[in-house]
Every structure is written in C-alpha cells, then in structure tokens.
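>>> structure, please.
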Amino acid sequence: MSQAKFLNRQALYLRPDPARVVVRPFKPATEPRDLNPTDKTRANHIVERVLALDVDTAAHQLDDVLENFNGRHRNLLETFEARADEMEDAFSAHSTFSKIQRQLVGAYFLHEYSFEAAALFNPSIVLHPDQSGAPEGGSRFILSLRGVGEGHISSLTFRSGAIAADGAVSVDPPARLASIPKVAKRIPGPYGDCVDVIFKPNEDISERVIFPITETQTNGIEDARFVEFSDGGKKTFYATYTAYSGAAIRSELLQTSDFVSFRLSPLKGSAARNKGMALFPRKINGKYAMIGRQDNENLYLIYSDDLYAWDGGQPILKPRFPWEFVQIGNCGSPIELDEGWLLLTHGVGPVRKYSIGAVLLDKRDPSKVLARSREPLVRPDPSEREGYVPNVVYTCGAIRHNDQIILPYAISDTFSNFATMKIDALLASLDRS
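Numbering: from 1, shown residues only. Take a look at the predicted model:
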C-alpha cells in the first residue's frame, strides 16, 4: 500500500557525517592493584613519562599535536588546559612542571569521537527562539537529532533551518566543527542530581553536541522529544529523552530557553521508568500532562502537579489496526489544533515494520479519542527502507505551520528527511468510528 496521498515528501536527506568529531576525555583502563595498595595507576605512569621529557622535546611534541588537530577543533590549548585541571591528582607527586608539559598531559587524556558516524535520526522540531531572518510569512526552526557513533553511543545534536510561507523546508548546512558543552554545575535535586551545561554563544547551533554526562546516560541520550511549553506567558523549551546506562533506561528532562545553556534533570515515578514520554505544550486543567507508554504496548495519559514526578496514568490507546498490532507509541508532543490535540503515533506491524499514524484527542479531556488513523500516514518507502534497522520510519516531534504539519522523520535508524501534510486532509483521513 502506498503512502497517504496528501503526504509531500521533501528530498532533504540529512545523513550521518563521520568527519564531524568532538574531543572528549580519555580515561585509561586501570589494572588490578591487589598486591600493593600504593601501586600507581596508568594515568600516573603517563603523566610521569610526559614530565620526564626535556623542555625542547615537550614543546616539539605539543607543536606536532596542534599541527595535527588545530583545524579540527576550536581553542585546543584551552581544552588541553581544562583537561589537565581534571588530572590534578596525577600532578600532585611532582614538584615542578611547565605550562607546556601541563598542556601536553591534557592532550594525552583526550580523544576524538565521531558522534554521528553511524546514524543521524529520530528528529524533533520546534520554532527557533530567535525569529530574526525568517522568510516572509514563514518561520525559523531548530531541529534536534540523535547522533550515533562508535559503540552505539547516542548524543543530541542540532540543525537550524527555515519554513517558507508555502511550507517548503530548507536546512542550513552544518558547521564543520563541533563541540561538547562545559559542565557549569551539578545541583542536588529532590529526585537526583541535575546538571547545568553551557555552550559558547558565538558557536553555530549545529556545532553544539550534548554528549552523555551522568552515569545514567553512559551509553546514550536517546530520542529527545522537544516542545515549546507555555505557562502564564512564559515560554520554555523542554525535551523528554531516554537516558541509557548500558544496563537500564529511564526518562529524563532537558530544559532551555536559548539552546545555549541547558539543564538535564532526572524524572521520578513509575511512568518515568519507561521510554517515549511526551509533554503537552501547556497545562491541562491546571496540571502538567504527558503521553507515555508504560507496558510496551499501549499509550497512557498521565497527569502531575510536579513536572519532575510522574506516576500512574490511564490507558487511552491500544493497538487496533493491523499496522500497529505489535505495539503503539507516541511520535512527539501533541500539537494543538482548533479541532483537538493532534498526536502523531508510531505503530509496529508484521516483520516489525514501523509506520507513523495520527490520533485526534479532545482538547478539554485528552483521554477521549475522537479519531485515529486506520492506515499509516507515513510508511517505509521502497527506496528508503534500507539502513541500520530496516523498515522503520520514526519521528520525535512535528510542528504546525499555517495550514500544514511539518514532519521531520527518520529512515531505518540511519538518516532523516522531511514531509509536509495539509491539516484538513490529514484530519479528513482519520477514522471516527
């Protein structure tokens, strides 16, 4: 069966680029120290070897490192110094060392990571907080994407772009360089530590990469679902995402007002022990509201007085049509229309084929389902079905633009594209029985 007739695919393929790298801390593995508790670690040994170099040799070695890597990163000497600051314990046994030796030590404890070498997928879109330069009758946007590199470690990266008055989408080319943020502070919170990170404001947004920071995120920050949240006139961008430690998952919350500084916070409650939560863009009847999946099969509506604590919930959507018999999930935060809340969903069918559909929920009481897709809106196209995980189309969030839905979506867990849909045709396609 073909795609929905009103779906307009746009050939804006965002593909992974292994040349885009960030520099990250390198931590040597430590051998067992079961014989002598005073044995030095590998880190101590590396520091001792560097500090044993004479002045000229150390300077030559540092120059060689800079010649090799300067064009690939900003402010490398500053980065080397910052990494050396984290190695103070290894320096403590040495009475003297030069600035050059210190910078060289920092270089030995860093490595490059190609953060999107394997995949660039599962996008989410919101309006840009700065609309200067937007096309007439159009808008600027920020697109978040999940990048995957060596070891299947996921991080969060961004693109910017514009939507023309007629719905045509353009994406700004990414910057050549990329960087991870500075950890500004760690804040004890009621449900675990929060982390504040900040980028340099003069860097292009496509340079900013939020790489796993905490132990719960060790193996990935996955599938961020961004939403512009309005509360009493104040607007904040939130994103629910899945933190993966390598052994366990949990939902966490990211917030920002400018996409320069971010706070990453844990969520508490039975609903937060699962993935795929999506926040409504405003409170419903005085409460925060989420769509989530707690049983690997159905979708739930969850209310809370506390943005960071989520328990309970009521099931509102169960698999009904063949394309979603295995399970259903949300594809981003609900979009408010005059007719109700438009919720994009994903369904898993035969041979674990993922497709995208939609549901219309009552605006005052989103537990009431007014209509839903009998057939998918977007399904894997024959020309797009191959990739890291075949037969998958997926999105983490769309937006409304005039009379259209702007839908970024991922293809086979490998790369991303855009589609647009007229809202009236989309709603007319939904089954109301």
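>>> quick one: contacts of the helix or strand harbouring residue 105?
Taking DSSP states H and E as the criterion, residue 105 maps to helix 99-108. Here helix 99-108 makes contact (CB atoms under 8 Å, 6 or more residues apart in numbering) with 26, 46-47, 50-51, 53, 55, 58-59, 61-62, 65, 77, 79-84, 87, 90-91. The way it works is simple: take the backbone N, C-alpha and C, and place the C-beta from them, glycine included.
>>> ok, 7 Å please
With contacts defined as CB atoms under 7 Å, 6 or more residues apart in numbering, helix 99-108 is touched by 46-47, 50-51, 58-59, 61-62, 65, 77, 80-81, 83-84, 87.
>>> who touches the residue positioned nearest the centre of the chain in this structure?
With distances taken as CA atoms, centre = their mean, the residue of the chain nearest its centroid is residue 156 (3.6 Å). When contacts are counted by CB under 7 Å, 6+ apart, residue 156 touches 144, 146, 210, 221, 224.
>>> ok, now with 10 Å
The contact partners of residue 156, taken as CB atoms under 10 Å, 6 or more residues apart in numbering, are 115, 124, 144-147, 208-212, 220-224, 226, 239, 241, 254, 262, 264.
>>> how close does it sit to residue 146?
Distance of residue 156 to residue 146, given as CB to CB, to the nearest Å: 7 Å.
>>> overlap of the contact sets of these two?
In contact with both residue 156 and residue 146: 124, 220, 221, 222, 223, 224, 241, using CB under 10 Å, 6+ apart.
>>> backbone phi and psi for the fourth one, please?
Residue 222 has phi and psi values of phi -120, psi 140 when expressed as degrees, to the nearest 10.
>>> residues touching it, list them.
Per CB under 10 Å, 6+ apart, neighbours of residue 222: 122, 146, 148, 153-156, 212, 241-244, 249, 275-276, 396.
>>> check the offset of the helix holding residue 105 from the chain's centre.
Relative to the centre of its chain, helix 99-108 is centred 33 Å away, using CA atoms, centre = their mean, to the nearest Å.
>>> list the buried ones in it?
100, 101, 102, 103, 104, 105, 106, 107, 108 (16 or more other CB atoms under 10 Å).
>>> same deal with stretch 63-75?
Applying a neighbour-count criterion of 16+ other CB under 10 Å, the buried positions in stretch 63-75 are 65, 69, 72, 73.
>>> kindly report the same for stretch 266-280.
For stretch 266-280, the neighbour count (16+ other CB under 10 Å) marks 266-269, 271-272, 274-280 as buried.
>>> looking at these, which are in helices?
Using DSSP state H, no member of the buried residues of stretch 266-280 falls in helices.
>>> pick out the most distant pair among these.
266 and 280 (20.3 Å; CB to CB).
>>> residues contacting the one helix or strand in the chain whose mean pLDDT sits lowest, please?
Ranked by mean pLDDT, DSSP states H and E, the weakest helix or strand in the chain is helix 88-91, scoring a mean of 75. For helix 88-91, contacts defined as CB under 10 Å, 6+ apart pick out 40-48, 50-51, 84-85, 97, 101-102, 105, 109.
>>> one more time with 6 Å, if that's ok
43, 44, 47 (CB atoms under 6 Å, 6 or more residues apart in numbering).
>>> do stretch 388-400 as well
Contacts for stretch 388-400 (CB under 6 Å, 6+ apart): 119, 122, 124-125, 223, 225-226, 331-333, 335, 344, 346, 353-354, 356, 378, 380, 385, 405-407, 409-410, 412-414.
>>> show me what contacts residue 23?
Residue 23 is in contact with 73, 110, 112, counting by CB under 6 Å, 6+ apart.
>>> count of residues packed around the second one?
When you say that, I think you mean residue 110. 19 (other CB atoms under 10 Å).
>>> report pLDDT for it.
On the pLDDT scale, residue 110 is placed at 96.
>>> show me which positions of stretch 414-433 end up buried.
414-423, 426-427, 429-430.
>>> out of the buried residues of stretch 266-280, which comes closest to residue 21?
For those, the closest approach to residue 21 (CB to CB) belongs to residue 275, at 27.8 Å.
>>> in the sheet, who's paired with the residue lying closest to that closest one once chain neighbours are set aside?
With CB to CB, 6 or more residues apart in numbering as the criterion, residue 275 has its nearest non-adjacent residue at 4.1 Å, and that residue is residue 242. Beta bridges link residue 242 to residue 222, residue 251 when assigned by DSSP bridges.
>>> spit out the contact partners of residue 127.
Shown in contact with residue 127 (CB under 6 Å, 6+ apart): 139, 141.
>>> quick one on the thing from earlier: Throw the contacts of helix 88-91 into a markdown table and include neighbour count and secondary structure, thanks.
As requested, the contacts of helix 88-91 are arranged in a markdown table below (neighbours: other CB atoms under 10 Å; DSSP: H, G, I helix; E, B strand; the rest coil):
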| residue | neighbour count | secondary structure |
| --- | --- | --- |
| 43 | 18 | helix |
| 44 | 17 | helix |
| 47 | 27 | helix |
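>>> now the residues you listed as a markdown table including pLDDT and distance to residue 311?
Shown next, in a markdown table, are the contacts of helix 88-91 (pLDDT from 0 to 100; distance: CB to CB, whole Å):
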| residue | pLDDT | distance to residue 311 |
| --- | --- | --- |
| 43 | 83 | 43 |
| 44 | 84 | 47 |
| 47 | 89 | 49 |
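>>> just the helices in the chain please.
Under DSSP H, the chain gives helices at 42-51, 55-69, 76-85, 88-91, 99-108, 423-429.
>>> quick one: buried residues of the shortest one?
Neighbour-count burial for helix 88-91 flags 90, 91 (criterion: 16+ other CB under 10 Å).
>>> how many neighbours does residue 307 have?
17.
>>> give me the number of neighbouring residues for the closest residue to it other than its chain neighbours.
In space, and not counting its chain neighbours, residue 307 is closest to residue 288: 5.3 Å by CB to CB, 6+ apart. Using other CB under 10 Å as the criterion, residue 288 is surrounded by 21 other residues.
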